[in-house]
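**Student:** quick one, structure for this:
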Amino acid sequence: MDLPADSMTFPPCQLCGAAPASCRSHIIPKQFYKRIRGTEKHLFELHVEKGIERRFTQSGIWEQNILCPACDRKLGVFDDYAYEVLPENIEQTSMKHLGQGISVYDLGLIDADKFRKFLVALIWRSARSRHEMFRFMRIGPYEKRFEGVLTGNDPSWLRHVDCVFVYFKPARYDKILLPPFHNKCGSVNVVQFYLPPWKLLIKLDSRPFEVPFAQTALKAGVPTYALMMASFSRGELRMLADLQQKIRRYEIARNTRTRQI
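**Tutor:** Here you go, the predicted structure:
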């Protein structure tokens, strides 16, 4: 729900620059949060730094002061399309086994430019967010380039936007939403973004994906295939191990303080 613009003072929308940025914009489309939540009443947020803070949310992370309602609805069209492209449950008939434990999933024909605009909106909102979840989402000069695509003032960068698709269903922690972060896909700079059960490797620079990543990248006019994975990468395992260590240290310190009282 958006509050009346005259009930509070909001800065200008960061996209159109005209209307007040009063909209409660979801940084990640709320449809994807609903998949994680499933039948649970709330989502559980765990913020771990020096201490541990637990929060609950029904519809995910949203922020005001970024978009006006009209611009939020404009980007919502691309969010809705991405939700259709990336199904929660896959069809066995669309799976293809390539041998040596490698399988891909046929996503079918994708409106490449429309999906690229979703990727641009997703990264741009995350870069503008102040939420701790998106603390690694500083994208430097790409922010202005992505903004030019979304406003239509300079859509030229859209042709460089690309993505490698991964259907990601690990045996454990399949419902955990890891924070997006910068990574390398071969020699190409990407943002690794999680929309369970999907992991997207979103290209930032102008260089094309190399083989074999190009085989599961976004295609126009022909079917796009996603790589199917059931295990965490070394980087993801390090992230989970760091989280577990911080939780363990926090619990030990808390129990020590309790015994001292």
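
**Student:** contacting residues around the most centrally placed residue in the chain?
**Tutor:** When Cα atoms, centre = their mean is applied to the chain, the residue found nearest the centroid is Phe193 (4.1 Å). Going by Cβ atoms under 8 Å, 6 or more residues apart in numbering, Phe193 touches 122-123, 126, 180, 199-202. C-beta coordinates here come from the backbone N, C-alpha and C atoms, glycine included.

**Student:** can you give me the helices for the stretch 151-261 of the chain?
**Tutor:** Along the stretch 151-261 of the chain, the stretches classed as helices by DSSP state H, counting those that start in this stretch are 234-260.

**Student:** gap between the residue nearest to the centre of the chain and Phe10?
**Tutor:** 27 Å (Cβ to Cβ, to the nearest Å).

**Student:** got it, and Met239?
**Tutor:** From Met239 to Phe10 the distance is 35 Å (Cβ to Cβ).

**Student:** so how many other residues sit close to the residue lying closest to Thr151 once chain neighbours are set aside?
**Tutor:** Closest residue to Thr151 apart from its sequence neighbours, by Cβ to Cβ, 6 or more residues apart in numbering: Leu15 at 6.2 Å. For Leu15, the count of nearby residues is 24 (other Cβ atoms under 10 Å).

**Student:** just the one 10 residues further on next, same as before
**Tutor:** Ser25 is flanked by 26 other residues according to other Cβ under 10 Å.

**Student:** my guess is it contacts Cys68. True?
**Tutor:** No. Taking contacts as Cβ atoms under 8 Å, Ser25 lies outside contact range of Cys68: 9.2 Å.

**Student:** shared neighbours of those two, which are they?
**Tutor:** Here Ser25 and Cys68 share no contacting residue, scored by Cβ under 8 Å, 6+ apart.

**Student:** could I get the buried residue list for stretch 162-171?
**Tutor:** 162-168 (16 or more other Cβ atoms under 10 Å).

**Student:** who's more crowded, Met239 and Phe10?
**Tutor:** Phe10 (18 against 15).

**Student:** skipping adjacent residues, who's closest to the more buried one in space?
**Tutor:** That would be Pro20: by Cβ to Cβ, 6+ apart, it lies 3.9 Å from Phe10.

**Student:** how close does the one you found sit to Gln64?
**Tutor:** Counting by Cβ to Cβ - Pro20 and Gln64 are separated by 9 Å.

**Student:** now render the buried residues of stretch 162-171 as TSV, adding distance to Thr93 and pLDDT.
**Tutor:** TSV is the format used below for these (distance: Cβ to Cβ, whole Å; pLDDT from 0 to 100):
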residue	distance to Thr93	pLDDT
Asp162	27	97
Cys163	24	97
Val164	23	96
Phe165	18	96
Val166	20	94
Tyr167	15	93
Phe168	20	90
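
**Student:** list the contacts of Ile61.
**Tutor:** 26-28, 129, 131, 133.

**Student:** narrow the residues you listed to those that are buried.
**Tutor:** Using 16+ other Cβ under 10 Å, the buried ones in those are 26-28, 129, 133.
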